[in-house]
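quick check, what structure comes out for this input:
(one chain, ligands or ions: 2)
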Amino acid sequence: MGHQAPALDFTEIPIINLALASSSTSPADKESCLAQLRHALTNVGFLYVVNHGVPETAISNVIDLLPRLFAMPDKAKNAVALGNSPHFLGFSGDGAEMTAGKADRREQFEFATELEEIWESGAAGGGLGMPLYERLRGPNQWPPGYPETRPVIERYIHELAHLGERFLRLVAEALFLPPETFFSFLSDQHRLKLVHYPATPETDNDNERQGVGPHKDSSGWWTFLLQASPPHVRGLQALNKQGAWVDVPNIPGSFVVNIGQAFEVVTNGVCKATTHRVVMTGPEERFSVPFFQGVRRDLTRGEAVGSLKGHFESWSTGSDGSHAHQPQQERDIDSPFLKGKYETWGESQLRTKIRSHRDVGRKFYGQVFEEYVNDD
Ligand SMILES: O=C(O)CCC(=O)C(=O)O
Ligand SMILES: [Fe+2]
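Ligands and ions are numbered 1, 2, ... in the order given. The predicted structure is shown next:
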């Protein structure tokens, strides 16, 4: 690794105060906010936002809903099983998903922006010539008997979509680009997960403690995570370049914000998706709510790589934010979207989803199932 300070050797997660970037703040405050953001984007890949403007009740309503939803009887959970949904929306149980070769110890409800299914409206199985990945778009499964769920979740998705756009403007400015630069990459569909890590007995066995294994977020442009348990309940950690796990504690009133893999591709590796995991260290259960800002399904690899290449190609940030040359090999991009053989973000997403939920893949995507699960 040499004597040079590695680019990602952060030891704590920066806090970005969005109040400093509102229209009423001074240019100097805004500049300092953008400089901090630039550091977080290019050196850490993880940050907190505070004073983010999402109404308190939009958040507390979700927090209140969580224990009630996860306490639903199994029969009610199964009525909205993810296995029913070609859109990969619904409930999946503890141990249903694998990350880094081990089962994750968590159960989750997956929701998305409420949309109609348009794919199946065409000729039988043909979706009117629409690409198969358009089938990712479709309605939620709302748990029967819990009528409060829909308004609470819809409001939260709406608010987070709004925060996400506001944040993207600042990101663009921090990267010396016009504020709306990143909007053209956004999808009509954002995804939201409600996650419950059950209480685990204290153990040294890593298999028992894996809430979710080490991963980079692959399903969104940016992730906005609500840590929805009291602050003493820990577990989330981010990996720095020296291989140390850095705690990401729950700061009340904050969202944890991290870069998704598509954003890394579009910024030519200047803004990296940082590896993270959840390790259950204490005896208590934990709740979290990640919002995955959606990437346009028809985004092609060529567009993703090429659109801003000129801007980012010779980029490096010194501590003063200046541009200097940084060799490309120092920012190799590790992306299944780039490495895979699929041309569009939608197809690459569909492959990822089918591989992690094979029952759904077999049931609804028989025409591509074998190819997708065997293509590596
Ligand atoms: O539960 C958390 O804090 C993080 C979850 C996560 O990283 C994910 O679902 O992608
Ligand atoms: Fe994640």
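
which residue does the chain bring closest to ligand 1?
Closest contact between the chain and ligand 1, by Cβ to the nearest ligand atom, is at S288 (3.3 Å). C-beta here means a position set from N, CA and C on the backbone, and glycine is covered the same way.

and the host helix or strand of that residue, average pLDDT?
Using DSSP states H and E, S288 maps to strand 286-292. Across strand 286-292, pLDDT averages out at 98.

neighbouring strands - and their directions - for it?
Partners of strand 286-292 in the sheet, by DSSP bridges, are strand 191-197 (antiparallel), strand 222-227 (antiparallel).

would you reformat these as JSON lines and include distance to ligand 1?
Converted to JSON lines, the strands paired with strand 286-292 look like this (distance: least, Cβ to the nearest ligand atom, whole Å):
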{"stretch": "strand 191-197", "distance to ligand 1": "5"}
{"stretch": "strand 222-227", "distance to ligand 1": "6"}
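
for the protein, which segments count as helices?
In the chain, the helices defined using DSSP state H lie at 27-39, 56-70, 74-79, 149-174, 206-209, 261-266, 301-306, 309-312, 336-339, 345-356, 358-364, 366-373.

and those helices, which one averages the lowest pLDDT?
Of all the helices of the chain, the minimum mean pLDDT falls on helix 206-209 (a mean of 68).

for the closest residue to V305 other than its chain neighbours, list the residues it contacts.
Computed as Cβ to Cβ, 6 or more residues apart in numbering, the closest residue to V305 that is not its neighbour in sequence is V265, at 6.3 Å. For V265, the contact set (Cβ atoms under 8 Å, 6 or more residues apart in numbering) comprises A304, V305, I333, S335, F337, L338.

flag every residue of the stretch 201-350 of the chain that's near ligand 1.
With the criterion set to Cβ under 6 Å from any ligand atom, the stretch 201-350 of the chain comes near ligand 1 through V212, D217, L225, Q227, L236, H276, V278, S288, P290.

thinking again about what came up before, so how far is G260 from the nearest residue to the residue of the chain closest to ligand 1 once chain neighbours are set aside?
Of all residues not flanking S288 in the chain, V195 sits nearest, at 4.8 Å (Cβ to Cβ, 6+ apart). Applying Cβ to Cβ, to the nearest Å, the value for V195 to G260 is 17 Å.

quick one, which of the two is more surrounded?
Applying other Cβ atoms under 10 Å to V195 and G260 shows that V195 carries more neighbours, namely 23 against 20.

that older thread, list just the one of the strands paired with strand 286-292 that sits closest to S184.
Closest to S184 of the strands paired with strand 286-292, according to Cβ to Cβ: strand 222-227, at 14.9 Å.

related to what we said a few turns ago, list the contacts of the residue of the chain closest to ligand 1.
Applying Cβ under 8 Å, 6+ apart to S288 gives the contacts V195, Y197, L225, L226, Q227, A228, S229, L236, V278.

repeat for F183
Contacts of F183 (Cβ under 8 Å, 6+ apart): E165, L168.

strands along the stretch 101-250 of the chain, start to end?
102-103, 107-112, 191-197, 210-215, 222-227, 236-239, 245-247 (DSSP state E, counting those that start in this stretch).

among those, which is nearest T57?
strand 222-227 (13.6 Å).

mind checking how far that closest one is from the chain centre?
Taking Cα atoms, centre = their mean, to the nearest Å, the mean C-alpha location of strand 222-227 is offset from the chain mean by 7 Å.

next, count neighbours for the residue nearest to F109 when sequence neighbours are not counted.
Leaving aside its chain neighbours, F109 sits nearest to L194 (4.4 Å; criterion: Cβ to Cβ, 6+ apart). If you count neighbours by other Cβ under 10 Å, L194 ends up with 24.

can you start the count at 710 instead of 1 from here on
Okay, using 710 as the starting number, the last item reads as L903.

surely L903 and M781 touch.
No - using Cβ atoms under 8 Å, L903 is not in contact with M781; the gap is 11.6 Å.

look up phi and psi at the nearest residue to I772 once chain neighbours are set aside.
Of all residues not flanking I772 in the chain, A937 sits nearest, at 5.0 Å (Cβ to Cβ, 6+ apart). Per-residue torsions, A937: phi -110, psi 20 (degrees, to the nearest 10).
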